[in-house]
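>>> Give me coordinates for this.
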Amino acid sequence: MNIQQECLEGEAKEPQSLRLTNSTTLWNYRLRELAKQRQFLQALTLYRHMLRSGYSPNTFTFPFVFKCCAVFLFPLMGSQLHAHVIRTGCQPDPYIRTSLISMYCKCNLVHNARKVFDEVGPWRNLTISYNALISGYTFNSKILDALVFFCRMREEGLLVDSVTMLGLVSGCTVPAHLGIGMCLHSCCVKFGLDGDSSVENCLLTMYVKCGEVEHARQLFDKMTEKNLITWNAMISGYSQNGLARHVLELYREMKSINMCPDHVTLLGVLSSCANLGAQSIGSEVEGEIEYRGFGSNPFLTNALINMYARCGNLMKARAIFDRTADKSVISWTAMIGGYGIHGHGEIALNLFDEMVKCGIRPDGTAFVSVLSACSHAGLTDEGLKYFDEMETKYGLKPGPEHYSCLVDLLGRAGRLKEAMDLINSMKVKPDGAVWGALLGACKIHKNIELAELAFERVMELEPANIGYYVLLSNLYSDAKNMEGVLKVRVMMRERKLKKEPGCSYVEYRGKVHLFLSGDTSHPQSDDMYKMLDKLESLVKEIHPSAENEGRRNEELLTGMGVHSEKLAIVFGLLNTKPGTEITVMKNLRVCVDCHIFIKLVSKIVNRRIVVRDATRFHHFSDGVCSCRDYW
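Next up, the predicted model:
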């Protein structure tokens with residue numbers, strides 16, 4: 001018997017206090033209290049007791065029980081209650097009909113809600129009725145229908161209130177809706193609702209979801225009353241749009257005015273710490289989590305595992321993972337992915353097998369982490385086995401993200417023909433990432449013919465992705481095909497594309513220091529470049545061919561100077577004690593020149609240097625990299 005049947009048919013002890021009274025008002029009072037306390041199942045059971053006790057519901061009874069049906073998505077029970085309304089003669093009441101509309105919309109029965117709305121009666125001319133239907137349409141992703149009724153509402157001269165605008169604005173959740181959202185923002189100003197904090201927060205969220213973070217920040221700065229919801233919306237917006245440094249700056253500002261964060265705030269901050277490699281700030285957040293009693297929150301626990309793994313501290317990530325009592329598939333995936341990006345493929349696979357033995361069923365995301373781990377560690381046969389098991393053992397259909405991992409796996413191993421055959425046999429249409437993985441493999445193995453084919457395909461799907469132009473240009477440069485390099489440069493110029501500037505982060509004394517390629521803005525620039533010149537001279541003595549080996553490649557497109565990771569490493573050498581490990585985060589893939597340079601510098605200065613680039617971690621020590629030059 002399911003919950004719905006239990007509420008309708010099940011036996012339960014009737015509340016003694018209500019059995020002793022003959023007043024419907026007391027039943028309604030108890031229903032309201034249960035609904036306020038979100039004890040919806042108990043409220044539905046109480047309603048059944050009320051009927052069995054011989055008391056008739058009235059206009060104050062039904063809104064509470066309709067709300068309960070909406071929460072549990074009980075359309076059958078809702079329809080039966082609708083029949084109760086008709087039998088009791090309460091149907092004309094506007095608040096009951098508004099509750100009916102909301103209930104049907106929450107149960108995805110918009111056509112039923114519309115029928116209720118269209119029934120003849122003076123109640124239709126109420127703002128609350130329009131608000132319920134407008135919110136219902138947006139809840140069911142029917143924003144244009146909601147706008148039609150908004151216009152009808154205005155034509156009838158009805159009052160537009162904050163609930164109306166919240167219902168409309170909340171439906172603008174994708175960039176395609178930005179124009180509508182901005183028009184609604186103007187309406188809010190026109191109706192004098194722009195000072196309402198709930199409306200402002202909704203507009204802020206709308207701009208964030210539509211990718212207009214600058215508009216969101218402008219609105220944020222103008223708001224006179226900022227509550228926790230406001231700060232969380234802006235922090236989450238920056239986090240979701242990859243603006244990690246802005247998140248940390250806003251978090252510091254939030255703390256400076258003694259605004260207490262909640263789990264939503266801390267989740268966004270941890271995500272940004274993971275992106276920037278800001279481990280010390282992440283550690284502070286971990287302390288905040290314990291202090292505020294959020295230690296048992298599974299989302300924050302998983303975020304901590306991910307943060308420490310992506311900051312290069314696998315030992316700490318594993319410690320949190322091991323002490324987590326209730327590990328979900330997300331927890332396991334975070335740890336598996338952490339081992340994968342560090343190149344520990346075998347450990348990642350062992351952990352995956354352990355997860356399965358524990359009875360946790362892997363999902364598509366878990367297999368992405370496993371296949372990626374195989375790719376980084378060169379475990380080609382193992383990767384092929386797990387890819388096959390996805391469908392045969394677990395009934396999961398591979399998506400483009402799984403195929404791109406497998407193409408990368410085969411491509412890195414030099415099995416380009418098999419990679420191409422795999423693409424041709426895909427059961428889903430290959431996306432840009434799939435063709436991009438093949439293009440990257442062609443760059444590694446210098447296959448110009450196949451690279452040109454992959455480039456042609458990826459340009460049909462992602463013509464503005466600058467990384468693919470750089471890959472092809474580097475391949476042409478390696479082959480000393482300057483005509484090809486110039487061809488790529490012309491394409492970029494015609495499409496008005498510019499390469500994303502290389503930047504690297506290094507954390508020092510709780511502050512994240514950012515370096516761009518060729519950067520001279522740092523106060524220690526003079527000392528940094530002097531040390532860099534000395535190191536490059538020493539590297540050249542050990543490895544003459546290393547000098548400028550990679551710089552001639554991608555920098556032909558941009559004319560940039562010294563790569564940012566070199567500057568970040570030199571900054572670390574200048575400011576830390578001998579023997580201290582230096583950890584650097586880079587937004588792009590490390591080039592061959594820098595890879596050779598860092599290997600040799602780790603030997604020269606006898607330091608352990610960790611670099612996380614766009615795809616993985618490189619641990620340099622005594623002239624050797626953990627990737628074994630396989631990246």
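>>> any idea which helix is longest in the protein?
When the chain is parsed with DSSP state H, its longest helix is helix 525-542.
>>> Centre of the chain to that one, how far?
Distance, stretch centre to chain centre, for helix 525-542: 40 Å (Cα atoms, centre = their mean, to the nearest Å).
>>> Averaged pLDDT, that helix. What do you get?
The average of the pLDDT scores along helix 525-542 is 91.
>>> and what of stretch 357-376?
According to the model, stretch 357-376 has a mean pLDDT of 94.
>>> Tell me which stretches of the chain form strands.
Applying DSSP state E to the chain gives strands spanning 503-508, 511-516, 582-586, 609-612, 617-621, 624-625.
>>> Quick check: bridge partners of the closest residue to residue 505 other than its chain neighbours?
Spatially, and ignoring its direct neighbours in sequence, residue 505 is nearest to residue 585 (4.5 Å; Cβ to Cβ, 6 or more residues apart in numbering). Any C-beta I mention is one placed from the backbone N, CA and C, and that applies to glycine too. Bridge pairing for residue 585 (DSSP bridges) gives the partners residue 505, residue 612.
>>> how many neighbours does residue 585 have?
28 (other Cβ atoms under 10 Å).
>>> which ones are touching the residue nearest to residue 246 when sequence neighbours are not counted?
Distance criterion Cβ to Cβ, 6+ apart; nearest residue to residue 246, sequence neighbours excluded, is residue 238 at 4.3 Å. Applying Cβ atoms under 8 Å, 6 or more residues apart in numbering, we find residue 238 in contact with 213, 244, 246-247, 250, 268, 272.
>>> try 10 Å
By Cβ atoms under 10 Å, 6 or more residues apart in numbering, residue 238 lies in contact with 208, 213, 216-217, 244-251, 268, 271-272.
>>> now the residue nearest to residue 505: how far from residue 219?
From residue 585 over to residue 219 the distance is 31 Å, taken as Cβ to Cβ, to the nearest Å.
>>> and what of residue 37?
Distance from residue 37 to residue 219, by Cβ to Cβ: 35 Å.
>>> So for the two, which sits in the more crowded spot?
residue 219 (22 against 10).
>>> What sits closest to that one if chain neighbours are left out?
Among residues not flanking residue 219 along the chain, residue 204 sits closest, at 5.4 Å (Cβ to Cβ, 6+ apart).
>>> Cross-check the contact I'm expecting between the one you found and residue 235.
No. Assessed by Cβ atoms under 10 Å, residue 204 is found out of contact with residue 235, at 11.1 Å.
>>> Residue 215 versus residue 489, what's the distance?
Taking Cβ to Cβ as the criterion, residue 489 is separated from residue 215 by 34 Å.
>>> what about the helices in the stretch 451-600 of the chain?
Under the criterion DSSP state H, counting those that start in this stretch, the stretch 451-600 of the chain contains helices at 466-478, 482-494, 525-542, 551-558, 564-575, 592-604.
>>> ugh, typo on my part, it should be the stretch 151-300 of the chain
Secondary structure of the stretch 151-300 of the chain (DSSP H, counting those that start in this stretch): helices at 162-169, 178-190, 197-209, 213-222, 228-240, 244-256, 263-276, 279-291, 298-310.
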